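S.K.: I'll drop the sequence and a predicted model, then ask my questions.
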Amino acid sequence: MRKALSVALVICITCLGLVAQVEASAAAPGQDQQYPAPAQDQQAQADALFSPEQLDNLVGPVALYPDPLLAQVLPASTFVDQIDEASRWLRANNDPNGIDQQPWDVSVKSVAHYQSVLYMITSKIDWTTSLGQAYVNQSTDVMTSIQRLRALARSAGNLATNPQQEVITQGPYIQIVPIQPRYIYVPVYDPYAVYYRSGYGFGGGFGGNLISFGTGFAIGAWLNDDFDWGRHRVYYHGWEGSGEGGWVGRSRPNVQINNTYVNNTYTNININRTVINNNVNYTNLNRYGGVHRNVTYNNVAAHARANAGNQVSRGNQGNPVAVNKIIQRNVNTNDPRINAYRGRQPMTAQAKPSGTPQTRQAAPPETRAQAPRNEPLRPAILPTTRPNFSPAVRPAVSTATHPAPMARSAPRPPSPVFSGHTSGFDPRAASQRGQTSRMSASQSRTVAPQQRTVAPQQRSQSRPASPTPAKNPGHSKPERRQ
């Protein structure tokens, strides 16, 4: 028994040694071992991300938005192509009731119900794209920047509870929620001033604040998201009461619930991660006003240019095809016909011309009416309808200056151009009648010009004297009858 146990123990030790040798050989250098990334790769990854100051400039225009609206703006900024399409659709139709039937993401539909916000983010498409890229890659940093800016605005005295919003402080986090049960108000402010300057009076000594509010917008079922600041995330509340006194509990009785916005499929917030492949004009991004004036995006732009060659595919002709959904929505950049009409020879082989000249088919001879030899060729008379005017009486003119028209030897054959005209109007007969009328009129003018002239004396004698009203030398008024 002891011998059997000893043999088994020796066999086990041997097997363990063989397994250790195999693992050591599998972990040979250069195969599965992981080494720390080089300094260049670490710098490239740092350049691809936004710094805290850059994030402040990106989220500054919307950091003071109410939480329910801001929770829709951040996911919607990742759907840049749908945001642009929604803006175009609303400008063309101006029908908020048709938003729910559009094939956009639920966050885009929610933002589309607030047209001023939608038009603002589409007017700065480079900023919207960068905000979406930051939310995809640095969602925690984005929310930290929002809280940092809200703390600055509150310290400056520009963020407080008022009739349009309720400001709630829970530990290090600041919430901004609607205070009205039916309406939500969108603040309008200058990001460069509201976070550092205290409120001042506008002209005339009228006390005011750096934040203004316009007309309230309706609270609807589309505001189905909110912030969980402690976990740095956006979550779907589904209009289930979050406790008495919360904005959801106040607004829930006034909201009509529908499956378009209240659905269990929205439990996981949908975002478009391919927005990181969109191109951004960082020159325009540097021009937008922000919280920090001396902050630029040159490092992010340099990283984007370095990776441009990897994100751009080339076709058969070597022409770059941009990875941009807005362009590909209107133009199919993969269509091979694009390269066929750029001044180059097409890819398909064309038949070369042979040495034998090709005979061109002769055009059929044009059939034209033959005019008489004693008359020049005249253009055909169009069949136009003319009013029937009686000839005016003209003074007698000498026949020497106006010879009689040449008589036609034979009627002109009808033109084949008007062979399909079926009306009863004959232009040649009308022309012949006109010539006959002019000939008769010229022959009837036999009165000489000398006979028509009358001496001035005879004219004055022949005219009757006009009666001259009698003058009253005394300028006396007529007697008034009694």
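M.R.: That came in fine, so what should we check first?

S.K.: Please identify which helix or strand holds Cys234.
M.R.: One thing to correct before we go on: residue 234 is Val, not Cys. Assigned by DSSP states H and E, Val234 falls within strand 233-236.

S.K.: Report all helices and strands that that strand contacts.
M.R.: Strand 233-236 sits against helix 67-76, strand 225-228, with contacts defined as 3 or more Cβ pairs under 8 Å, 6 or more residues apart in numbering; DSSP states H and E. Using the backbone N, CA and C atoms, a C-beta is placed for each residue, glycine as well.

S.K.: which is the next helix or strand following that strand?
M.R.: Counting by DSSP H and E, what follows strand 233-236 is helix 247-251.

S.K.: Tell me which residues touch Asp100, please.
M.R.: By Cβ atoms under 8 Å, 6 or more residues apart in numbering, the residues touching Asp100 are 109, 258, 260.

S.K.: Next, the second one: secondary structure please.
M.R.: When the structure is reduced to helix, strand and coil (DSSP: H, G, I helix; E, B strand; the rest coil), Asn258 reads as coil.

S.K.: Give me the distance between it and Glu166.
M.R.: Distance, Asn258 to Glu166, using Cβ to Cβ, to the nearest Å: 26 Å.

S.K.: which residues of the chain fall in strands?
M.R.: Along the chain, the segments classed as strands by DSSP state E run 165-170, 173-178, 183-184, 187-188, 212-213, 217-218, 225-228, 233-236, 313-314, 320-321.

S.K.: Mind putting those strands into JSON lines with distance to Asp105, mean pLDDT and mean neighbour count?
M.R.: Below are these laid out as JSON lines (distance: least, Cβ to Cβ, whole Å; pLDDT from 0 to 100; neighbours: other Cβ atoms under 10 Å):
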{"stretch": "strand 165-170", "distance to Asp105": "26", "mean pLDDT": "94", "mean neighbour count": "16"}
{"stretch": "strand 173-178", "distance to Asp105": "23", "mean pLDDT": "96", "mean neighbour count": "21"}
{"stretch": "strand 183-184", "distance to Asp105": "20", "mean pLDDT": "96", "mean neighbour count": "19"}
{"stretch": "strand 187-188", "distance to Asp105": "25", "mean pLDDT": "94", "mean neighbour count": "18"}
{"stretch": "strand 212-213", "distance to Asp105": "28", "mean pLDDT": "92", "mean neighbour count": "14"}
{"stretch": "strand 217-218", "distance to Asp105": "20", "mean pLDDT": "95", "mean neighbour count": "16"}
{"stretch": "strand 225-228", "distance to Asp105": "12", "mean pLDDT": "94", "mean neighbour count": "20"}
{"stretch": "strand 233-236", "distance to Asp105": "13", "mean pLDDT": "94", "mean neighbour count": "17"}
{"stretch": "strand 313-314", "distance to Asp105": "26", "mean pLDDT": "41", "mean neighbour count": "10"}
{"stretch": "strand 320-321", "distance to Asp105": "25", "mean pLDDT": "44", "mean neighbour count": "13"}
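
S.K.: Which residue, other than its chain neighbours, is closest to Ser116?
M.R.: Spatial nearest neighbour of Ser116, chain neighbours left out: Val186 (6.3 Å); criterion: Cβ to Cβ, 6 or more residues apart in numbering.

S.K.: Pull up the per-residue confidence for the one you found.
M.R.: With respect to pLDDT, Val186 scores 96.

S.K.: What of the one 10 residues further on?
M.R.: Tyr196 is assigned 87 on the pLDDT scale.

S.K.: Tell me how far the closest residue to Ile184 other than its chain neighbours lies from Asp67.
M.R.: Nearest non-adjacent residue to Ile184, counting by Cβ to Cβ, 6+ apart: Pro178, 4.4 Å away. Between Pro178 and Asp67 the computed distance is 9 Å (Cβ to Cβ).

S.K.: What of Val275?
M.R.: Val275 sits at a distance of 23 Å from Asp67 (criterion: Cβ to Cβ).

S.K.: Repeat that for Pro187.
M.R.: For Pro187 relative to Asp67 (Cβ to Cβ), the value is 13 Å.

S.K.: try Asp228
M.R.: Distance from Asp228 to Asp67, counting by Cβ to Cβ: 10 Å.

S.K.: And Val167, by the same measure?
M.R.: From Val167 over to Asp67 the distance is 11 Å, taken as Cβ to Cβ.

S.K.: residues shared between the contacts of the two?
M.R.: Between them, Val167 and Asp67 share these contacting residues under Cβ under 8 Å, 6+ apart: 175-176.

S.K.: tally of neighbours for the nearest residue to Phe227 once chain neighbours are set aside?
M.R.: Closest residue to Phe227 apart from its sequence neighbours, by Cβ to Cβ, 6+ apart: Asp67 at 4.9 Å. Using other Cβ atoms under 10 Å, Asp67 is surrounded by 21 other residues.

S.K.: give me every residue that touches Ser107.
M.R.: Residues counted as contacts of Ser107 (Cβ under 8 Å, 6+ apart) are 72-73, 75-76, 79, 225, 270.

S.K.: And the pLDDT for it?
M.R.: Note on Ser107: pLDDT of 96.

S.K.: Point to the helix or strand of the protein where mean pLDDT is at its lowest.
M.R.: strand 313-314 (a mean of 41; mean pLDDT, DSSP states H and E).

S.K.: can you redo the helices and strands packed on strand 233-236 as a markdown table with distance to Tyr173?
M.R.: Listed next are the helices and strands packed on strand 233-236 as a markdown table, based on distance: least, Cβ to Cβ, whole Å:
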| stretch | distance to Tyr173 |
| --- | --- |
| helix 67-76 | 10 |
| strand 225-228 | 9 |
